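> Model the following, please.
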Amino acid sequence: MALSMKRLSIIGSTGSIGTQTLDIVRRHPERFKAVVLTAGHNADLLIQQAREFSPEAVVIADKARYDDVKSALAGTATQVLVGNDALCDAATWPGVDTVVTALVGFAGLASTVAAIKAGRTIALANKETLVVAGSLIMPLAKERGVDILPIDSEHSAIFQCLQGEPQGSIEKILLTASGGPFRTFSKEALSHVTAKEALRHPNWTMGEKITIDSATMMNKGFEMIEACHLFGVKPSQIEVVVHPESVIHSAVQFCDGSVKAQLAVPDMRLPIQHALCYPERAQLDAGCIDLFRLGALHFERPDTERFPCLAYAYQAAAEGGTLPCAMNAANEVANLAFRQGTISFPRLCDTILYTMEHTPRIESPTLDDCFAIDKEARAIARSYIKDKPNP
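Presented below is the predicted three-dimensional model:
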């Protein structure tokens with residue numbers, strides 16, 4: 001089936017999701033055009049991408065690398081913009097149909113809001129946007145008539161399972177988790193793990209930040225909150241299921257007891273392409289599941305004693321307001337500190353809890369409140385790490 005050409009702005013084109021999105025563009029040049037590409041610090045890869053895809057514009061957020069990008073693309077038709085503020089220009093670029101929000105962390109919020117206000121379809125990979133401000137983002141998208149299509153494999157699976165189902169028929173969402181690299185580690189063993197070990201995910205190839213979040217299961221907590229906003233369910237309606245094979249990407253249990261699941265090989269290009277092509281499908285060489293070779297699938301309950309971040313996320317989702325925003329800010333600070341070797345795995349979790357307990361609450365926040373709480377929570381988390389070294 002022929003698909004109409006879609007013009008894309010890829011916010012975070014040099015990251016894991018961004019590069020895989022461009023791989024889809026590369027394979028389907030008749031269907032997708034990369035109109036705007038953005039990068040934070042990776043100017044070299046941005047230059048390479050610009051030379052290959054000839055976008056109308058690129059954004060390099062790192063002002064120190066602007067001259068490098070500008071010089072490298074001199075003589076081309078590509079406009080070079082610089083600075084974080086230019087990300088909103090990229091998200092609202094004239095003629096763009098779909099904005100792929102692949103920027104990691106809270107930093108993706110402003111450009112996503114700008115894209116929604118401009119009426120662009122959102123292919124959402126930046127889960128933090130809904131974690132910190134889902135109660136604001138979803139009404140805004142509804143008001144502007146904007147579709148938010150999930151790129152996370154789990155939310156894409158849920159989205160696919162819900163096609164053709166009547167509204168209000170969801171009994172429960174079964175949100176699957178791989179368990180990460182430390183699924184079988186004891187609590188004592190977790191106190192000695194390193195970032196290098198945490199970055200060896202058994203099934204998925206992802207960026208460093210999200211891979212650490214997977215190891216702590218904070219990523220699954222974020223996905224739970226994201227699912228609440230995307231699909232209009234309560235935290236109590238989402239059950240996390242540890243599924244080591246990562247073949248069932250999530251499932252939905254309906255009010256009649258029926259369960260629908262979406263199965264596929266663990267390849268992020270699948271959910272990315274589904275979001276870009278929706279409501280149609282396109283060919284992809286990701287491969288198919290061989291059920292005979294698999295033989296069996298396994299399921300376990302998550303252990304929130306060993307991985308308390310998941311419990312923190314449920315607490316934040318139940319309370320709402322700015323608590324998820326504070327939790328996310330603390331996680332970004334602690335995640336980076338763990339990757340840098342400053343704190344241990346357990347101290348990463350402790351930092352998040354301490355910050356949640358000591359950051360002011362706002363029950364019905366505005367976007368400005370979210371930005372203020374994010375800043376304050378980061379300061380609290382950094383102070384805790386500085387004052388409370390590893391035991």
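> I figured Ala102 hits Gly12, correct?
Yes - counting by Cβ atoms under 8 Å, Ala102 does reach Gly12; the two are 3.7 Å apart. To be clear about C-beta, it is placed using only N, CA and C from the backbone, and glycine gets the same treatment.
> Do me a favour and get the end-to-end distance for stretch 144-154?
26 Å (Cα to Cα, to the nearest Å).
> which residues does His249 contact?
By Cβ atoms under 8 Å, 6 or more residues apart in numbering, the residues touching His249 are Ser153, Glu154, Ser156, Ala157, Thr176, Ala261, Gln262, Leu263, Ala264, Pro271.
> What is the burial count for the residue nearest to Tyr384 when sequence neighbours are not counted?
Nearest residue to Tyr384, sequence neighbours excluded (Cβ to Cβ, 6 or more residues apart in numbering): Tyr354, at 5.0 Å. By the criterion of other Cβ atoms under 10 Å, Tyr354 has 19 neighbours.
> swap in Gly164?
6.
> try the one 10 residues further on
For Leu174, the number of neighbouring residues by other Cβ under 10 Å comes to 22.
> And what about it, helix, strand or coil?
strand (DSSP: H, G, I helix; E, B strand; the rest coil).
> Surely it and Lys260 touch.
No - the pair formed by Leu174 and Lys260 falls short of the contact definition of Cβ under 8 Å, at 9.8 Å.
> Overlap in contacts, the two.
Common neighbours of Leu174 and Lys260 (Cβ under 8 Å, 6+ apart) are Ala251, Val252.
> returning to what we had before: next step: the contacts of His249 restricted to helices.
Ser153, Glu154, Ser156, Ala157, Pro271 (DSSP state H).
> Identify the spatial nearest neighbour of the third one, chain neighbours not counted.
The reference is to Ser156. Using Cβ to Cβ, 6+ apart, the closest residue to Ser156 is Pro271 (3.5 Å).
> where exactly do the helices run in the stretch 151-300 of the chain?
All helices of the stretch 151-300 of the chain, identified by DSSP state H, counting those that start in this stretch, fall at 153-161, 187-190, 195-198, 208-216, 218-231, 269-277, 291-294.
> Could you dump these into JSON lines and include distance to Asp147 and mean neighbour count?
Shown next, in JSON lines, are those (distance: least, Cβ to Cβ, whole Å; neighbours: other Cβ atoms under 10 Å):
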{"stretch": "helix 153-161", "distance to Asp147": "11", "mean neighbour count": "25"}
{"stretch": "helix 187-190", "distance to Asp147": "40", "mean neighbour count": "12"}
{"stretch": "helix 195-198", "distance to Asp147": "35", "mean neighbour count": "16"}
{"stretch": "helix 208-216", "distance to Asp147": "24", "mean neighbour count": "23"}
{"stretch": "helix 218-231", "distance to Asp147": "11", "mean neighbour count": "25"}
{"stretch": "helix 269-277", "distance to Asp147": "10", "mean neighbour count": "23"}
{"stretch": "helix 291-294", "distance to Asp147": "33", "mean neighbour count": "8"}
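> Can I get those helices in TSV including distance to Ala251 and mean pLDDT?
Output for the helices of the stretch 151-300 of the chain, formatted as TSV (distance: least, Cβ to Cβ, whole Å; pLDDT from 0 to 100):
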stretch	distance to Ala251	mean pLDDT
helix 153-161	7	97
helix 187-190	28	95
helix 195-198	27	92
helix 208-216	19	92
helix 218-231	12	97
helix 269-277	15	95
helix 291-294	16	91
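> Verify the stated contact: the residue nearest to Ser156 with Asp152.
Yes - Pro271 is within contact range of Asp152, at 6.7 Å (criterion: Cβ under 8 Å).
> Show me what the biggest helix by length in the chain is in contact with.
Counting by DSSP H, the longest helix found in the chain is helix 367-387. Residues outside helix 367-387 that contact it (Cβ under 8 Å, 6+ apart): 106, 109, 113, 132-133, 136, 322, 325-330, 332-334, 337, 342-343, 347, 350-352, 354-355, 358-360, 362, 365.
> Report the buried members of those.
For the contacts of helix 367-387, a burial check counting by 16 or more other Cβ atoms under 10 Å picks out 106, 109, 113, 132-133, 136, 322, 325-330, 332-334, 337, 343, 347, 350-352, 354-355, 359, 362, 365.
> Now, the residues you listed that are in helices?
109, 113, 132-133, 136, 325-330, 332-334, 337, 347, 350-352, 354-355.
> pLDDT weak spots in this structure?
Where the chain drops to pLDDT under 70, the residues are 1-3, 203-205, 389-391.
> Residue most distant from the centroid, it?
Gly75 (35.5 Å; Cα atoms, centre = their mean).
> That one: what secondary structure?
Assignment for Gly75 (three-state DSSP): coil.
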